[in-house]
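>>> Kindly generate the corresponding structure for this input.
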Amino acid sequence: MPIDLFVFDMAGTTVDDAGDHVASALVAVLEGAGVRVTARDVDPVMGIPKPLAIRELLRQARAQSPDAAEVASVHAEFQAAMVDFYRIDPSVREIPGATALFRRLRDAGIRVALDTGFDRAIVDAIIERLGWRDVVDDSIASDEVEHGRPAPDMIRALMKRSGVTDPACVAKLGDSVSDIDEGLNAGCGFVGAIVNVRTEAFLASSPAVMRVQSLAALPEALARAGFALPAIGIA
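Prediction:
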């Protein structure tokens with residue numbers, strides 16, 4: 001079956017996050033709120049809308065739910081830090097070959113879209129910094145739908161905007177459990193997960209999800225899944 005729409009996650013999947021910048025920013029803003037968390041604490045909430053992630057981390061640390069005003073304040077600090085990071089930090093770069101892969105998919109007639117647990121301000125900062133305005137067809141942020149990951153709202157909105165009606169013709173790739181659940185909940189015909197410490201345990205019990213060792217290995221993973229995709233590669 002052909003793929004008509006390919007939905008990619010951003011940080012950690014197509015945008016390099018080898019320095020764990022997203023997790024580090026969450027740790028920092030929570031410390032500013034008087035809560036100490038570690039990167040290990042942050043791992044389970046990676047990929048979900050960041051206000052929800054912040055609310056859950058505050059709740060876990062204090063054993064009580066934070067008020068909405070505090071969540072909004074902490075999230076505003078996170079947003080500002082990440083926008084600044086993606087606009088000016090010299091380490092910001094794509095996962096090697098991402099742009100070439102987007103172009104090859106589009107040349108094959110497949111629409112390329114980005115979705116994320118970030119909000120629109122951060123998404124725009126990344127797209128502008130990496131020069132992706134002309135190499136992706138669409139993007140959607142978690143603050144633009146009623147429910148972010150793991151709900152399927154973002155993928156369904158992208159499908160509607162793309163004119164794709166059959167989720168079996170949609171592919172999803174991400175690097176978090178919420179990415180995987182989003183793809184499964186949307187009924188995507190192909191759901192792939194970048195293998196890492198967050199996804200490894202989930203993948204062990206999820207045979208329907210394709211293990212993808214790296215972005216460069218995606219074409220091989222698609223072939224193993226039996227998708228009629230023209231030969232592509234990372235140029």
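>>> How is this protein divided into domains?
Taking automatic domain parsing as the reference, the chain has its domains at 5-17+92-224, 21-88.
>>> Please identify the deepest-packed of those domains.
The highest mean neighbour count among the domains of the chain, using mean count of other C-beta atoms under 10 Å, belongs to domain 5-17+92-224: a mean of 20. In this view, the C-beta of every residue, glycine as well, is placed from N, C-alpha and C.
>>> what separates stretch 28-47 from the chain centre, distance-wise?
In terms of C-alpha atoms, centre = their mean, to the nearest Å, the centre of stretch 28-47 is set 18 Å apart from its chain centre.
>>> Equivalent analysis for stretch 21-32, please.
18 Å.
>>> thinking again about what came up before, any chance of CSV for the domains of the chain, columns mean pLDDT?
Output for the domains of the chain, formatted as CSV (pLDDT from 0 to 100):
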stretch, mean pLDDT
domain 5-17+92-224, 95
domain 21-88, 93
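>>> need the longest helix for this structure.
Identified as the longest helix of the chain according to DSSP state H is helix 68-88.
>>> can you list contacts of that one?
21-22, 25-26, 28-30, 32-33, 50-51, 54-55, 58, 92, 118-119, 121-122, 125-126, 128-129 (C-beta atoms under 8 Å, 6 or more residues apart in numbering).
>>> Just after that helix, pick out the following helix or strand.
Next in sequence after helix 68-88, counting helices and strands by DSSP states H and E, comes helix 98-107.
>>> Could the C-alpha coordinates of that next one be exported in CSV?
Taking C-alpha atoms only, helix 98-107 is exported to CSV below (Å, rounded to 0.1, in the frame of the first residue of the first chain):
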residue,chain,number,x,y,z
ALA,A,98,16.8,14.8,7.3
THR,A,99,16.4,17.5,4.6
ALA,A,100,17.5,15.1,1.8
LEU,A,101,15.1,12.5,3.1
PHE,A,102,12.2,15.0,3.1
ARG,A,103,13.0,16.0,-0.5
ARG,A,104,13.2,12.4,-1.7
LEU,A,105,9.9,11.6,-0.1
ARG,A,106,8.2,14.6,-1.7
ASP,A,107,9.8,13.8,-5.1
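>>> what's the next secondary structure element after that helix?
Following helix 98-107 toward the C-terminus (DSSP H and E): strand 111-115.
>>> Determine the angle, from 0 to 180 degrees, between that next one and helix 98-107.
Interaxial angle, strand 111-115 versus helix 98-107 (axes from the mean of the first three to the mean of the last three C-alpha atoms, to 10 degrees): 140 degrees.
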